[in-house]
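S.K.: 3D model of this:
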Amino acid sequence: MSMKRFSVLLLAMCLGLLEAQVSFEDNGTDRLTSMSQEERLAALERRLESSEEEVSHLKSLIGAPPAIAFSVALMDEATTPGDYGPFAYRTILPYRKIFANVGNGYNPTTGTFTAQVRGLYFFSFTMFTSGTPNSVACIWKNNTFVVCLWDVKGYFGYDTGSNAVVLPMGVGESVSVMLEPNRTLNDGQAHLNTFSGFLLSPM
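M.R.: Numbering: from 1, shown residues only. This next block holds a predicted model:
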């Protein structure tokens with residue numbers, strides 16, 4: 001149950017108790033005894049303050065998980081569309097176009113996401129190849145590759161693909177997408193090469 005719904009239920013209970021107070025005398029023999037508007041308001045405020053304190057206490061016990069999410073694309077508006085690569089060595093892809101970076105875990109300078117909260121994370125990426133497909137890109141966690149996309153010399157001139165993975169992450173551990181040596185990607189303002197991730201649950 002959400003905190004908002006819990007608060008509404010508490011308020012409804014308070015109103016119900018107030019109605020019962022107005023309807024009967026304490027000895028149960030007289031019908032309705034009317035409270036003044038000021039008395040009703042004061043009683044309602046007291047009960048509301050009490051419910052707010054209770055909700056605050058429950059929040060402190062439960063604790064809301066932090067919001068951590070990012071979504072980026074390889075080329076931004078300042079980048080000339082076309083091929084990216086090839087390079088003689090494995091290269092971290094520096095995704096420059098930032099759609100979201102809640103929690104600032106993604107660094108556009110290095111192309112790396114670093115976990116600031118220990119937990120279970122979801123990551124995904126897409127890859128687009130040019131007229132002569134020759135692309136291999138992989139998600140790496142720290143110094144270990146996890147999942148890859150591979151497209152070389154297919155029947156069609158332009159190809160696209162995507163992959164995703166759920167990973168446990170410790171504080172300070174990093175994830176990036178790397179382009180393998182002598183491979184290329186193709187991108188432009190359509191943002192066909194993307195990298196996204198978010199915290200599923202703290203651990």
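
S.K.: and the protein, what are its domain boundaries?
M.R.: Domains of the chain are assigned by automatic domain parsing as 3-62, 69-202.

S.K.: most packed of these?
M.R.: Mean neighbour count (mean count of other Cβ atoms under 10 Å) peaks for domain 69-202 among the domains of the chain, with a mean of 17. Bear in mind the C-beta positions are built from the backbone N, C-alpha and C, glycine included.

S.K.: and that domain, how far apart are its ends?
M.R.: 13 Å (Cα to Cα, to the nearest Å).

S.K.: can you name the residues bridging to the most centrally placed residue in the chain?
M.R.: Closest residue to the average C-alpha location of the chain: residue 69 at 3.6 Å, with Cα atoms, centre = their mean. Going by DSSP bridges, residue 69 is paired in beta bridges with residue 102, residue 198.

S.K.: my read: it touches residue 198, true?
M.R.: Yes. The criterion here is Cβ atoms under 8 Å, and residue 69 meets it with residue 198 at 3.7 Å.

S.K.: can you give me the strands for this protein?
M.R.: Along the chain, counting by DSSP state E, strands occupy 69-73, 82-84, 91-92, 97-102, 106-107, 112-114, 119-128, 134-141, 144-152, 160-169, 174-179, 185-187, 194-202.

S.K.: report all helices and strands that the third one contacts.
M.R.: This means strand 91-92. strand 174-179 (3 or more Cβ pairs under 8 Å, 6 or more residues apart in numbering; DSSP states H and E).

S.K.: sheet-wise, list the partners of the strand it packs on with their directions.
M.R.: strand 91-92 (antiparallel), strand 112-114 (antiparallel), strand 134-141 (antiparallel).

S.K.: tell me the contacts of residue 191?
M.R.: Taking Cβ atoms under 8 Å, 6 or more residues apart in numbering, we find residue 191 in contact with 73, 74, 75, 97.

S.K.: alright, calling it a day.
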